[in-house]
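Engineer: Okay, sequence plus prediction incoming.
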Amino acid sequence: MSGKLGIHSLVFSDQWDASNASAACRAASEIGYDLIEVLMFDPAALDIPLTRRVTRETGLGLRLGMALGPDADISSSDPVLARRGEETVARALEIAAELGAPAVSGITYAAFSNYGAPATNDARARVAESLSRLDRHAGALGVRLGLEPVNRYESYLANTLDEAASLIRASGGSNLFIHMDTFHMNIEEGDVAAAIHRNAALLGYAHVADSNRGVLGGGHFDLSGYFRTLESAGYTGDFTVEAFSSRVLSDALVGGVRLWREAWEDSIVAARSAYDVLCVMRKNAKAGCRVW
């Protein structure tokens, strides 16, 4: 596994302003991370000059995550909402190209929302058509678009790796990939290792989170087995720690992901601990170790 190690900016704060962005990037760089991921709910709200400056000053690579909202849902039967969703993803791809980020990934196929009914065949067809157009846009820009399967309480259409792969194949896209997230896989996958091997050719990015979405290594997800599986599957993408604490996030985001407990008080301590876990896991996976 040759991928870079990253950390999500939400480990430090959900405010990506001059003070918080600079502090997060400095901390990530000093700890030893190679990249930082910044989340966009609204691409128009991202401060592009600030993002370029703080990542360049610290030498960090940049990954861009996103989550569509109910008012910009490409799976919607309302053509206005569907078009707005596609335009939102298209703009995010343009920002990635402008900032030199290799991709945009996340909930790019529907809304970050608790849907009350399963997706219809028409919705799947609409999304496949939209992804096909977005794939061509990404290719023209020299970037890629990732689909992150999330659990059933946060979206629909792609809750498993297989479902994300199905959307990619239906779209015919060549610039699309699956963005794994171990928190969601722990909920939705019947057999994590088998799902990884079935979809190995489409895997392009990984969020590493524990079962409780708190301190990495503080839950019950089999991180050791996960890394061994990725090694055997030939995964070469990047890894980014995604871990949350209500201590450092706003009420809106805490409510959105039902984060009722404080996982930690000190983001720096949590980030250092996660980095150590990632390094050990990756090293042991390469060596064929079963424990860490």
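Structural biologist: Thanks, I have the structure now. Bear in mind that the values here come from a model prediction, so they are computed numbers and not experimental data. Residues are numbered from 1 along each chain as shown.
Engineer: which element is the spatially most central residue of the chain on?
Structural biologist: In the chain, the centroid-proximal residue (CA atoms, centre = their mean) is residue 106; its distance is 4.8 Å. Using DSSP states H and E, residue 106 sits within strand 103-111.
Engineer: Now do that strand: which elements does it pack against?
Structural biologist: Helices and strands touching strand 103-111, by 3 or more CB pairs under 8 Å, 6 or more residues apart in numbering; DSSP states H and E, are strand 61-68, helix 79-99, helix 121-141, strand 144-147, strand 176-181, strand 203-208. In this view, the C-beta of every residue, glycine as well, is placed from N, C-alpha and C.
Engineer: among the ones you listed, which is nearest residue 42?
Structural biologist: Smallest distance to residue 42 across the helices and strands packed on strand 103-111 (CB to CB): 7.7 Å, for helix 79-99.
Engineer: circling back: now do the residue nearest to the centre of the chain, the pLDDT please.
Structural biologist: What the model reports as pLDDT for residue 106 is 98.
Engineer: isn't it right up against residue 145?
Structural biologist: No - using CB atoms under 8 Å, residue 106 and residue 145 do not qualify as a contacting pair, with a distance of 9.7 Å.
Engineer: what separates stretch 116-123 from the chain centre, distance-wise?
Structural biologist: Distance, stretch centre to chain centre, for stretch 116-123: 23 Å (CA atoms, centre = their mean, to the nearest Å).
Engineer: for stretch 86-95, same thing?
Structural biologist: On CA atoms, centre = their mean, the centre of stretch 86-95 falls 16 Å from that of its chain.
Engineer: So which bits of that stretch are buried?
Structural biologist: By neighbour count on 16 or more other CB atoms under 10 Å, the buried set for stretch 86-95 is 86, 88, 89, 90, 91, 92, 93, 94, 95.
Engineer: same check, this time on stretch 217-233
Structural biologist: 217-219, 221, 223-224, 226-231, 233.
Engineer: just to revisit the earlier point, could you check the angle the strand holding residue 106 makes with strand 203-208?
Structural biologist: Strand 103-111 runs at 80 degrees relative to strand 203-208, counting by axes from the mean of the first three to the mean of the last three CA atoms, to 10 degrees.
Engineer: Parallel or antiparallel, which strands does strand 103-111 pair with?
Structural biologist: The pairing partners recorded for strand 103-111 under DSSP bridges are strand 61-68 (parallel), strand 144-147 (parallel).
Engineer: Report the rounded mean pLDDT for the shortest one.
Structural biologist: Yep, that's strand 144-147 we're talking about. Averaging pLDDT along strand 144-147 yields 98.
Engineer: Tell me which residues are up against it.
Structural biologist: Residues outside strand 144-147 that contact it (CB atoms under 8 Å, 6 or more residues apart in numbering) are 89, 93, 102-106, 108-109, 131, 134-135, 138, 158, 164, 167-168, 173, 175-179, 204-205.
Engineer: From the chain's centroid, how far away is that strand?
Structural biologist: Counting by CA atoms, centre = their mean, strand 144-147 is centred 10 Å from the centre of its parent chain.
Engineer: Give the buried residues for the next helix or strand after it.
Structural biologist: Following strand 144-147 in sequence order, the next helix or strand is helix 161-171 (DSSP H and E). Neighbour counts using 16+ other CB under 10 Å place 161, 162, 163, 164, 165, 166, 167, 168, 171 of helix 161-171 among the buried residues.
Engineer: what residues does helix 161-171 touch?
Structural biologist: Residues contacting helix 161-171 (CB under 8 Å, 6+ apart): 109, 124-125, 127-129, 131-132, 135, 147-149, 157-158, 176-180, 185, 189, 195-196, 198-199, 202-203.
Engineer: buried subset of these?
Structural biologist: Buried, going by 16+ other CB under 10 Å: 109, 124, 127-129, 131, 135, 147-149, 157-158, 176-180, 185, 189, 195-196, 199, 202-203, out of the contacts of helix 161-171.
Engineer: before we move on, the earlier item: and the strand holding residue 106 with helix 121-141, angle?
Structural biologist: Following the same axes, to 10 degrees, one obtains 160 degrees for the angle between strand 103-111 and helix 121-141.
Engineer: relative to helix 79-99, how tilted is strand 103-111?
Structural biologist: 170 degrees.
Engineer: Go ahead and measure how far strand 103-111 is from the middle of the chain.
Structural biologist: Centroid separation for strand 103-111 versus its chain: 8 Å, with CA atoms, centre = their mean.
Engineer: do the same with stretch 32-50
Structural biologist: For stretch 32-50, the distance to the chain centre is 12 Å (CA atoms, centre = their mean).
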